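Visitor: Have a look at this fold, sequence not included:
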């Protein structure tokens, strides 16, 4: 497939997913703050931030995509951990419980038409032992992922019991919905 798209994200996983699905990706920048209203329902934060990112992106000759992924547990958002201690706290919090991963996506075509949507996936972790958490901190990369984990890394392979919803959404992009909306914007 030959599906050109401009990706305004530094996420290596979003790039991998889009290229794996047949998109030809041009990366562009979308730097800026990720603030949101304190009273906003947590399920609405990711789509809000994706659209906020789109506002900062110059118009392109391609369909442009911005996205944001949040981990909601149960009444707070777990962002990217800033330290090993914070990553351990997050993983212990998720241990033996379920949480929701929400990815918001905003797409714009060269004519200025915009679509935005989100997808929610529920993820269950088994009880995580210290050895698995410590191994992941040493050999994985918890620091660039909301919730401090990657489903496609060792902690996901060995710690996740069940996923209800789109697996790729947990990696950072609900590809089926991206493709469907891409076709609408052509």
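Guide: Here it is on my side, so go on. Since we're looking at a predicted model, the values are computed, not measured.
Visitor: And the helices in the chain, which stretches?
Guide: Applying DSSP state H to the chain gives helices spanning 12-20, 45-55, 84-94, 130-139, 154-159, 167-171, 175-185.
Visitor: just so I know, which of the ones you listed lies nearest residue 148?
Guide: Smallest distance to residue 148 across the helices of the chain (C-beta to C-beta): 3.9 Å, for helix 84-94. The C-beta positions use only the backbone N, C-alpha and C, and glycine is treated the same way.
Visitor: Output the contacting helices and strands for that closest one.
Guide: Packed against helix 84-94, as judged by 3 or more C-beta pairs under 8 Å, 6 or more residues apart in numbering; DSSP states H and E, are the following elements: strand 76-78, helix 130-139.
Visitor: Adjacent strands (with direction) for the shortest one?
Guide: When pairs are called by DSSP bridges, strand 76-78 turns out to pair with strand 63-73 (antiparallel).
Visitor: Show me which positions of the strand it pairs with end up buried.
Guide: For strand 63-73, burial by neighbour count (16 or more other C-beta atoms under 10 Å) applies to 63-73.
Visitor: okay, the helices and strands packed on helix 84-94 in a markdown table with distance to residue 8 and mean pLDDT next?
Guide: Putting the helices and strands packed on helix 84-94 into a markdown table (distance: least, C-beta to C-beta, whole Å; pLDDT from 0 to 100) gives the following:
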| stretch | distance to residue 8 | mean pLDDT |
| --- | --- | --- |
| strand 76-78 | 21 | 96 |
| helix 130-139 | 29 | 96 |
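Visitor: ok so, going back, now for the helices of the chain, which one comes closest to residue 77?
Guide: Closest among those, using C-beta to C-beta: helix 45-55, at 6.2 Å.
Visitor: re earlier: deepest in the core, which of the helices of the chain is it.
Guide: Highest mean neighbour count among the helices of the chain (mean count of other C-beta atoms under 10 Å): helix 167-171, with a mean of 23.
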